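# Sequence first, predicted model second:
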Amino acid sequence: MRNRALFQVTDNDPARWNMILNNMINLKEGVGSEGVEIELVAYGPGIHMLKADSPVKHRIADAVKSGVHVNACQNTMNGMKLSPADMQPEIGYVPSGVVEVMKKQQQGWAYIRS
């Protein structure tokens, strides 16, 4: 069975995001050669940390370069009148953060609420 972890983030707090990004690094190092597939889904207030002017934008870019899938909820973006032009260029998108979390859990992903 493959190691797969889903991080759900709804906080607009750089300190929490840095902790979560550190947890992802620790997870990758902890499983070592087994490897792990990691996805982060941000919605609600957490979406602000994925904007182009985010204080953690460099760490998110590094996470994406390391293979982490970082996704923003399009429902939240629509509600906040945000477009992909407002966001970091490296990230991806899911139609609904809540639905993404549900689907990944149904597929057996480890769910980490940070």
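That came through fine.

# Poorly predicted segments of the protein, please.
1, 114 (pLDDT under 70).

# Tell me which stretches of it form helices.
14-31, 57-65, 74-79, 97-106 (DSSP state H).

# Let me have these in TSV, extended by mean neighbour count and distance to residue 43.
Where C-beta positions appear, they are placed from N, C-alpha and C, glycine not excepted. Output for the helices of the chain, formatted as TSV (neighbours: other C-beta atoms under 10 Å; distance: least, C-beta to C-beta, whole Å):
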stretch	mean neighbour count	distance to residue 43
helix 14-31	15	14
helix 57-65	16	15
helix 74-79	16	4
helix 97-106	16	3
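
# now for those helices, which one comes closest to residue 42?
Closest to residue 42 of the helices of the chain, according to C-beta to C-beta: helix 97-106, at 6.9 Å.

# what's that closest one in contact with?
Helix 97-106 has contacts (C-beta atoms under 8 Å, 6 or more residues apart in numbering) with 4, 6, 8, 39, 41-44, 71-73, 75-76, 94, 111.

# ok, those vs residue 56, which is closest?
When the contacts of helix 97-106 are compared for distance to residue 56 (C-beta to C-beta), residue 42 wins out at 11.1 Å.

# Which residue, other than its chain neighbours, is closest to that closest one?
Closest residue to residue 42 apart from its sequence neighbours, by C-beta to C-beta, 6 or more residues apart in numbering: residue 9 at 4.8 Å.
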